[in-house]
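Asks: All I have is the shape, not the residue letters:
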């Protein structure tokens with residue numbers, strides 16, 4: 001068996017971001033959390049729900065986003081496979097990059113792991129550029145330090161806000 005697909009012996013702090021902009025958005029988030037609970041157990045922390053404008057492809061409805069934290073012993077690729085199965089079970093169809101979606105579940109952090117493969121990058125490569133990620137993270141883990149950038153969520157959010165203000 002590929003070692004990337006085994007279960008680890010110790011738990012890691014896993015941070016996920018959920019987003020939706022099709023149909024019953026609040027219901028989609030509830031269903032995703034229920035499905036995640038079946039596999040991941042009880043979450044340690046869940047942020048408030050944030051309504052956000054689309055990023056990348058702006059010609060679509062606003063999103064509802066939230067961040068959730070779990071302890072997990074699933075290895076990153078097993079976690080990814082689990083998430084993709086949940087998305088598919090909830091009706092996600094991948095048509096276009098950054099397009100409308102019934103549910104999107106992204107792995108933001110996996111402890112302090114830095115991981116890169118053809119199908120997965122941890123920490124999430126764009127999190128420092130997206131307020132819809134940083135705002136919910138700021139609520140539940142403002143002092144968590146990005147393992148590559150060596151900056152807290154609070155600092156990353158402040159820097160992004162300053163960058164956006166200076167470009168206006």
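Replies: On my side now, so go ahead. This structure is a prediction, so every number in the text was calculated from the model and none was measured.
Asks: Check which helices and strands the helix ranked longest in the chain is in contact with.
Replies: The longest helix of the chain (DSSP state H) is helix 25-40. Using 3 or more Cβ pairs under 8 Å, 6 or more residues apart in numbering; DSSP states H and E, the elements in contact with helix 25-40 are strand 7-20, strand 63-74, helix 76-89. In this view, the C-beta of every residue, glycine as well, is placed from N, C-alpha and C.
Asks: Could you spell out the sheet neighbours of the helix or strand following it, each with its direction?
Replies: For helix 25-40, the following helix or strand on the C-terminal side (DSSP states H and E) is strand 45-46. Paired strands of strand 45-46, with direction, are strand 63-74 (antiparallel) (DSSP bridges).
Asks: For the partner strand, give the mean pLDDT please.
Replies: Averaging pLDDT along strand 63-74 gives 95.
Asks: most tightly surrounded among the helices and strands packed on helix 25-40?
Replies: Using mean count of other Cβ atoms under 10 Å, the stretch among the helices and strands packed on helix 25-40 with the largest mean neighbour count is strand 63-74, at a mean of 21.
Asks: by how many degrees do that strand and strand 7-20 diverge?
Replies: 170 degrees (axes from the mean of the first three to the mean of the last three Cα atoms, to 10 degrees).
Asks: orientation of strand 63-74 relative to helix 25-40 in degrees?
Replies: Put simply, strand 63-74 runs at 0 degrees to helix 25-40, going by the same axes, to 10 degrees.
Asks: Taking helix 76-89 as reference, get the angle to strand 63-74.
Replies: Using the same axes, to 10 degrees: strand 63-74 against helix 76-89 is 140 degrees.
Asks: Just name the shakiest helix or strand of this protein by mean pLDDT.
Replies: strand 7-20 (a mean of 84; mean pLDDT, DSSP states H and E).
Asks: That one packs against which elements?
Replies: Packed next to strand 7-20, using 3+ Cβ pairs under 8 Å, 6+ apart, are helix 25-40, strand 63-74, helix 76-89, strand 104-110, helix 131-140.
Asks: who does the fourth one pair up with?
Replies: Think strand 104-110. strand 7-20 (antiparallel).
Asks: in the chain, which ranges drop under the pLDDT threshold?
Replies: 1-10, 57-58, 94-99, 168 (pLDDT under 70).
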